[in-house]
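Visitor: just coords:
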């Protein structure tokens, strides 16, 4: 059974840090590109970052560049999103998603066909 499970969300003050984890099962992580997305109330789902299956190349939305870092540990079947210098506008439900069809990842959500249930991140003082 294919499954992606996010964890690590929570409440943090502006300027703080969180590390999100995406644990996958039911498929071989090496063969999949993984993306992180977020959706705030009343807003469209937004691509935040992704990491390609081909060469682990990474991409970031301009809004998080320099603050967020994506990484993967294939041995642990887990992808991480380290989030530093968090801002109130980073508040959203964060989702991880997997794509096994393309070797290069992208920030468009239509590329991904396997999704986790999401984890809430709230940045507030």
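Guide: It's in. Model, not experiment: these values are computed from the prediction.
Visitor: beta partners for the nearest residue in space to residue 40 that is not next to it in sequence?
Guide: Computed as CB to CB, 6 or more residues apart in numbering, the closest residue to residue 40 that is not its neighbour in sequence is residue 92, at 4.2 Å. Using the backbone N, CA and C atoms, a C-beta is placed for each residue, glycine as well. Listed by DSSP bridges, the beta-bridge partners for residue 92 are residue 121.
Visitor: and residue 92, what does it touch?
Guide: Residue 92 makes contact with 38-40, 43, 46, 121 under the criterion CB atoms under 8 Å, 6 or more residues apart in numbering.
Visitor: repeat the analysis, applying 10 Å as the threshold.
Guide: Shown in contact with residue 92 (CB atoms under 10 Å, 6 or more residues apart in numbering): 9, 37-41, 43, 45-46, 48, 118-123.
Visitor: and residue 85, by the same measure?
Guide: Contact analysis of residue 85 by CB under 10 Å, 6+ apart lists 14-17, 64, 66-68.
Visitor: using JSON lines, lay out those residues together with distance to residue 82 and neighbour count.
Guide: Conversion of the contacts of residue 85 to JSON lines gives the following (distance: CB to CB, whole Å; neighbours: other CB atoms under 10 Å):
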{"residue": "14", "distance to residue 82": "17", "neighbour count": "13"}
{"residue": "15", "distance to residue 82": "15", "neighbour count": "11"}
{"residue": "16", "distance to residue 82": "12", "neighbour count": "14"}
{"residue": "17", "distance to residue 82": "7", "neighbour count": "11"}
{"residue": "64", "distance to residue 82": "11", "neighbour count": "23"}
{"residue": "66", "distance to residue 82": "12", "neighbour count": "9"}
{"residue": "67", "distance to residue 82": "9", "neighbour count": "15"}
{"residue": "68", "distance to residue 82": "7", "neighbour count": "21"}
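Visitor: strands of the protein, start to end?
Guide: Assigned by DSSP state E, the chain shows strands spanning 3-7, 10-12, 18-25, 33-39, 46-51, 58-60, 68-73, 78-83, 92-99, 114-115, 119-123.
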